[in-house]
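Trainee: please work out how this folds:
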Amino acid sequence: MAGSIASGLPAIVAWKQLQKTGDAAQEKWSKQTSIQQKIAYVKDVASKAKSVDDLLNNRRFMEFALSAYTLESEVDKKGLLKKVLMSDLGDQNSYANRMNDDRYRQIASTLRFKDFGVEGVKLPGVMDGLVARYIQNEFEKAQGQASPGLREAMYFKANAAKINSPWAILGDKVLREVVTTTLGIPKELAIQSVESQATALTKKIDIAKFKDPRFVETFIQRYLTQRDQETAQANGTGAGMYGGLLQLVGDGTNDMSGVLDLLQGLGTRRF
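Mentor: A predicted model of the protein is given here:
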């Protein structure tokens, strides 16, 4: 797919490649005819909609809007989505505010259906913002399909600086996945009370460090290395032929071009 990294690269290598080409790669990816057609369709539907229900009942529009907030898997939950999107955000007991996942409140805040009805999506900047988020999420998804763990890493980098408490991690399934995997926290933690989960996190990590871009980069590389190891183990082959090459990646001081060319030449083989 245009603008995507080569399939089959170890996640840590693909990540380093993407850091060099990310903005340009996303821009190229977004110019695909299929992507531009989806954007044009959604803009047209939004401009012609006469009621909120016109949008809520249009599956293509909802898939697009939900994808902008990485909620596309929830598209069939029509009843819940209507209650969330029609929530009064000024009421702490409203559906959107009571959801554990903050992404619901975010999308409700963007569309403003409660305050402005269908005109909410027509307000200046709303559709442009929705499109930008859609492109970001779908681009990240494409990278993740090419190299497992990459989508989560990109999302984490974009949102790490917003983490101001353990609750911000626990309330976001992607942030939670990255942090707990990197820190080696067992998934069984989820069965404990949220207070116990928060305590376990703060014992393992100083939340304030996520404000430091250099720490975040190191954290992401640890996560992706862990994902590479898990993928290798799942395939029953270990680090294999990638082991020595990954050592060349090191701390980023080596010239990556030769390593990337060799890895890409291996085609779609994985570990």
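Trainee: where are the low-confidence patches of the stretch 1-150 of the chain?
Mentor: Scanning the stretch 1-150 of the chain for pLDDT under 70 picks out 1-8.
Trainee: can you give me the helices for it?
Mentor: Listed in chain order, the helices found in the stretch 1-150 of the chain under DSSP state H, counting those that start in this stretch are 11-30, 33-48, 52-56, 59-67, 78-85, 95-98, 102-111, 113-116, 126-146, 150-159.
Trainee: my guess is E152 contacts E177, does it?
Mentor: Yes - in this structure E152 lies within contact range of E177 using Cβ atoms under 8 Å: 5.9 Å. All C-beta spots, glycine's among them, are computed from the backbone N, C-alpha and C.
Trainee: compare those two (neighbour count), which wins?
Mentor: Under the neighbour definition other Cβ atoms under 10 Å, E152 and E177 were set side by side, and E152 has more, 22 against 18.
Trainee: quick one, what contacts that one?
Mentor: For E152, the residues meeting the contact criterion (Cβ atoms under 8 Å, 6 or more residues apart in numbering) are G144, V174, E177, V178, Y223.
Trainee: which among the residues you listed count as buried?
Mentor: With burial judged by 16 or more other Cβ atoms under 10 Å, the buried subset of the contacts of E152 is G144, V174, E177, V178, Y223.
Trainee: for W15, see how far away the first one is.
Mentor: The span separating G144 from W15 equals 11 Å under the rule Cβ to Cβ, to the nearest Å.
Trainee: what residues are shared contacts of these two?
Mentor: Overlap of the contact sets of G144 and W15 (by Cβ under 8 Å, 6+ apart) consists of L150.
Trainee: picking that back up, which one of the contacts of E152 is nearest to L56?
Mentor: L56 has its nearest neighbour among the contacts of E152 in V174, at 25.4 Å by Cβ to Cβ.
Trainee: nearest spatial neighbour of the closest one, skipping sequence neighbours?
Mentor: Excluding its sequence neighbours, the residue lying closest to V174 (Cβ to Cβ, 6 or more residues apart in numbering) is Y155, at 4.9 Å.
Trainee: roughly how far apart are the one you found and A68?
Mentor: Distance check for Y155 against A68: by Cβ to Cβ, it reads 13 Å.
Trainee: quick one: contacts for G144?
Mentor: When contacts are counted by Cβ under 8 Å, 6+ apart, G144 is found next to L150, R151, E152, M154.
Trainee: what's near enough to touch the second one?
Mentor: Looking back up the chat, that one is R151. Applying Cβ under 8 Å, 6+ apart to R151 gives the contacts E140, K141, Q143, G144, Q145.
Trainee: over to the first one?
Mentor: With contacts defined as Cβ under 8 Å, 6+ apart, the neighbours of L150 are I5, A11, A14, W15, L18, E140, Q143, G144, L224.
Trainee: now do the last one
Mentor: Contact analysis of M154 by Cβ under 8 Å, 6+ apart lists L18, E140, Q143, G144.
Trainee: for the record, mean pLDDT for stretch 165-181?
Mentor: The pLDDT scores in stretch 165-181 average 91.
Trainee: span of that stretch from start to end?
Mentor: 18 Å (Cα to Cα, to the nearest Å).
Trainee: now find how far off-centre that stretch is within its chain.
Mentor: 12 Å (Cα atoms, centre = their mean, to the nearest Å).
Trainee: got phi/psi on D91?
Mentor: The phi/psi pair for D91 (degrees, to the nearest 10) reads phi -100, psi 110.
Trainee: which of the contacts of E152 fall within helices?
Mentor: Counting by DSSP state H, the members of the contacts of E152 that fall within helices are G144, V174, E177, V178, Y223.
Trainee: return a selection command, for use in ChimeraX, containing the buried ones of the contacts of L150.
Mentor: To isolate the buried subset of the contacts of L150 in ChimeraX, counting by 16+ other Cβ under 10 Å, use the following:
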select :5,11,14,15,18,140,143,144,224
